[in-house]
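Q: what shape does this take:
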Amino acid sequence: MKRILAITAATVVGSALAVSAVPAGASPAHDRPGISKEAFGTLEDGTKVDRYTLTSGRGVRVRIITYGGIVQTLETPDRHGHRTNVVLGFPTLKDYVDLNGGPYFGAIIGRYANRIAKGRFTLDGKTYQLAINNGENSLHGGLKGFNTKVWKAEPIESGHSVGLRLDYTSVDGEEHYPGTLKTTVTYTLTSRNELHVAYHATTDQATVVNLTNHTYFNLAGEGTGDVYDHRLTLNASRYTPVDTTQIPTGQIAAVKGTPFDFTRPHAIGERIRANDPQLLIGQGYDHNLVLDQRHPGALTEAARVTDPHSGRVLKISTTEPGVQFYSGNFLDGSFAGTSGRVYRQGDGFALETQHFPDSPNQPGFPSTVLRPGESFDSTTVYGFSAAR
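A: Okay, the predicted model is just below:
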């Protein structure tokens, strides 16, 4: 039976968060647009972490914690109006601290999302060496990326939306990146059941920046099994093949005739076991798709995903040039999520809107260099609906 999560208690270090479940067959309450705050726990150094709940007024409810700017739960109705949590995550702060260094559930990723080859890049004649935390490469900002930081939060309310502004300043040299980077990420939930994520960053020295969110979705409901029957459409006729360490080769290849062609809807699992060299490298999909943008930098539909059983539909639009499609290949049953159910391979998918992996070392890719006087600005919109 699918279940809806109702979080009923806060957590402190070492304690568990009480999670009660309401049967999904019950009709969701008629929410009013709004935002509320509660304590979520305390880190070992005494830093307090809060959780904010945003409601759209039309059935969508999102919970965000200030640790990592993490989207902990996101509930949305199916075709019958039954609301269920559709993102993967953990019930306690301790779980996020101890276990989220691998999956990065729901987190803000930075300074640099995805991989940088051998953790090294050269900028303005100077070479920087980052931490190596993914084979021989640097991944998702290093050992203590933005997913591990406690962000300063400010709630935002307007007539047709509610939001949460999160701020974090990464000092010069943090994780060996140059420049002090001031970053703002604003989550806005609208009465149209759209979650807007707006990224903004400035620097006092030349640096590289690539920000994204790492939410995993299962539109049938978190903890209900794999997503292989979800139907995916990607507005991408090209992708960036990778080497055996999952670093782009520099080629931008056509998806036509490959398992990466989602220009028409295909089930995620339809070709995932194909004997394709690229799928073997990532043990499934874990690749950057190059979006077909008529106007680079303009908000463009990137992806559409439907669950045939619940009717839930997720539409993603972005100003970014790429999206990393990850099919949850390395979920291995070693931990349980918010529902108490164990996550196994393929139990969720991520669509990380982004600049391309290893761009600082790939002159043919869109630049990720940010200089003083410039700003990094990016928007991604997640729209939720249900097909009848």
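
Q: show me where the stretch 251-388 of the chain has helices.
A: For the stretch 251-388 of the chain, applying DSSP state H, counting those that start in this stretch gives helices covering 277-282.

Q: what segments of it are strands?
A: 253-254, 266-267, 286-290, 300-306, 312-318, 322-326, 349-354, 369-370, 376-386 (DSSP state E, counting those that start in this stretch).

Q: remind me which helix or strand Asp98 belongs to.
A: According to DSSP states H and E, Asp98 maps onto helix 93-99.

Q: helices and strands around that helix, which ones?
A: In terms of contacts (3 or more CB pairs under 8 Å, 6 or more residues apart in numbering; DSSP states H and E), helix 93-99 is packed against strand 34-42. C-beta coordinates here come from the backbone N, C-alpha and C atoms, glycine included.

Q: after the strand it packs on, which helix or strand is next?
A: strand 48-55.

Q: can you state the direction angle for the helix or strand following that following strand and strand 376-386?
A: As assigned by DSSP H and E, the chain's next helix or strand after strand 48-55 is strand 61-65. Going by axes from the mean of the first three to the mean of the last three CA atoms, to 10 degrees, strand 61-65 is angled at 140 degrees with respect to strand 376-386.

Q: hmm, who's touching the next helix or strand after strand 61-65?
A: Going down the chain from strand 61-65, the next helix or strand is strand 70-77, by DSSP H and E. Strand 70-77 is contacted by residues 4-5, 7, 28, 51, 59-65, 83-87, 89-90, 96, 100, 105-108, 147, 187, 193, 195, 213, 215, 222, 312, 338, 384, 386 when judged by CB atoms under 8 Å, 6 or more residues apart in numbering.

Q: tell me the strands beside strand 70-77, with direction?
A: In the sheet, strand 70-77 lines up against strand 61-65 (antiparallel), strand 83-85 (antiparallel) (DSSP bridges).

Q: gap between the shortest one and the chain center?
A: Just to be clear, that refers to strand 83-85. From the chain centre to the centre of strand 83-85 is a distance of 18 Å (CA atoms, centre = their mean, to the nearest Å).

Q: ok, now the first one?
A: The chain centre lies 13 Å from the centre of strand 61-65; the measure is CA atoms, centre = their mean.

Q: average model confidence for it?
A: Mean pLDDT, strand 61-65: 98.

Q: again, but for stretch 271-290
A: The average pLDDT within stretch 271-290 is 97.

Q: and it, what's buried?
A: Using 16 or more other CB atoms under 10 Å as the burial criterion, the residues of stretch 271-290 that qualify are 271-272, 278-279, 281-282, 284-290.

Q: distance from the chain centre to that stretch, please.
A: Distance of stretch 271-290 from the chain centroid (CA atoms, centre = their mean) equals 19 Å.

Q: using CSV, write out every CA atom in that stretch.
A: What follows is stretch 271-290, C-alpha atoms only, in CSV (Å, rounded to 0.1, in the frame of the first residue of the first chain):
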residue,chain,number,x,y,z
ARG,A,271,16.9,-0.2,-22.9
ILE,A,272,18.8,0.0,-19.6
ARG,A,273,20.1,-3.5,-20.0
ALA,A,274,21.3,-3.0,-23.6
ASN,A,275,24.8,-4.1,-24.4
ASP,A,276,26.0,-0.5,-24.9
PRO,A,277,29.5,0.5,-23.8
GLN,A,278,28.3,3.7,-22.2
LEU,A,279,25.6,2.0,-20.2
LEU,A,280,28.2,-0.6,-19.0
ILE,A,281,30.5,2.2,-17.7
GLY,A,282,27.7,3.8,-15.5
GLN,A,283,25.9,0.5,-14.8
GLY,A,284,22.9,2.3,-16.3
TYR,A,285,22.2,5.9,-17.1
ASP,A,286,24.5,8.4,-15.6
HIS,A,287,25.2,10.8,-18.4
ASN,A,288,24.9,14.5,-19.4
LEU,A,289,22.3,15.2,-22.1
VAL,A,290,22.8,18.3,-24.2
